[in-house]
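> Turn this into a model:
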Amino acid sequence: MIVVFTGESIRMVEQHEHGKVSGEMAKYIHPDLFPESQLRSNVEFAITYHDYAWKEIDQHPRLNDETDAPYSFTDYPLTAKLASYEKGIDFVQNHSAYAGLLCSLHYSSFFSSESTNPVIKSFISREMDRRQQMKSRNSAFQNEEILDCHFKWLQFCDDLSLYLCMNEPGAAKEEEVSWFQNGFRQTFPFAPGGMQANWKDPYTIGVAPFPFKEAFQVRVPFKGFNTKDFQENGLADIYQNTEFSMFTFTIESEGD
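Next comes the predicted model:
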């Protein structure tokens with residue numbers, strides 16, 4: 001779950017819904033910037049379903065007793081989270097082996113390979129074995145340069161969607177979530193210094209350099225309520241009884 005506090009209000013975006021927004025973005029990536037077009041549908045599937053692992057978890061949000069706030073994707077209990085990660089990768093792999101390979105890389109990238117946590121070490125080891133087996137079965141998966149580019153597109157679409165979901169619409173750069181204030185981490189030949197996003201107004205985001213074939217809109221469903229509501233009525237009940245609201249954002253070139 002993506003959890004955003006704004007004063008006495010709270011906004012919650014389900015991870016898979018954020019993932020579907022990422023998938024919409026992927027459809028607009030300019031074809032000239034996308035190598036091996038025959039794999040594009042698999043990459044778009046990976047991007048759309050990269051957070052399917054959270055679908056079941058987010059139907060039953062839990063309160064973190066230590067913070068008295070809903071668990072988010074950043075602080076959800078590790079063992080349960082990793083178990084869901086693996087189920088999510090299994091789901092994607094069953095639909096597309098290449099998409100499963102990308103999602104395995106994505107989730108593994110969250111952790112240091114030098115971690116001494118036995119739960120993390122075991123997860124990383126299993127995912128390394130998974131990827132090795134997939135690569136050994138299909139020579140098309142062995143081009144590391146192409147794989148890296150597709151993986152960066154997954155990460156970029158994920159980050160740009162998080163930018164929409166985690167920031168207050170229209171936020172000034174200094175008010176943005178710190179993750180994105182200095183731009184996005186992914187670099188490409190057309191953007192050797194990475195890309196930057198800025199809020200032009202509460203409904204419009206400018207991106208430079210612009211990687212998409214045209215400007216487009218995305219819709220972000222969320223649930224919002226007063227923090228006192230779930231403190232008095234219980235988080236699970238208030239979440240289930242709250243209707244979805246919708247943000248509609250336009251993504252365009254910074255120069256438009």
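
> what are the ranges of the helices in the chain?
15-27, 40-48, 55-58, 78-95, 97-108, 118-137, 144-166, 227-233, 235-240 (DSSP state H).

> among these, which is nearest residue 205?
helix 144-166 (6.9 Å; Cβ to Cβ). From N, CA and C alone the C-beta is placed, and that goes for glycine too.

> buried stuff in that closest one?
Residues of helix 144-166 classed as buried by neighbour count (16 or more other Cβ atoms under 10 Å): 147, 149-151, 153-166.

> now swap in stretch 200-208 and tell me
Buried residues in stretch 200-208 (16+ other Cβ under 10 Å): 204, 205, 206, 207.

> Pull the contacting residues for residue 9.
224, 225, 226, 227 (Cβ atoms under 8 Å, 6 or more residues apart in numbering).

> Only the buried subset of those, as a ChimeraX command please.
Buried subset of the contacts of residue 9, written as a ChimeraX selection, criterion 16+ other Cβ under 10 Å:
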select :225,227
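
> Tell me where the longest strand sits in this structure.
The residue-count maximum for a strand in the chain (DSSP state E) belongs to strand 216-226.

> Let me know the angle separating it from helix 15-27.
Interaxial angle of strand 216-226 relative to helix 15-27 (axes from the mean of the first three to the mean of the last three Cα atoms, to 10 degrees): 160 degrees.

> packing partners for strand 216-226?
strand 9-13, helix 15-27, helix 144-166, strand 245-253 (3 or more Cβ pairs under 8 Å, 6 or more residues apart in numbering; DSSP states H and E).

> For the longest one, which helices and strands make contact with it?
When you say that, I think you mean helix 144-166. strand 2-6, helix 15-27, helix 40-48, helix 97-108, strand 204-208, strand 216-226, strand 245-253.

> can you redo these as JSON lines with mean pLDDT?
JSON lines is the format used below for the helices and strands packed on helix 144-166 (pLDDT from 0 to 100):
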{"stretch": "strand 2-6", "mean pLDDT": "92"}
{"stretch": "helix 15-27", "mean pLDDT": "98"}
{"stretch": "helix 40-48", "mean pLDDT": "98"}
{"stretch": "helix 97-108", "mean pLDDT": "97"}
{"stretch": "strand 204-208", "mean pLDDT": "98"}
{"stretch": "strand 216-226", "mean pLDDT": "95"}
{"stretch": "strand 245-253", "mean pLDDT": "97"}
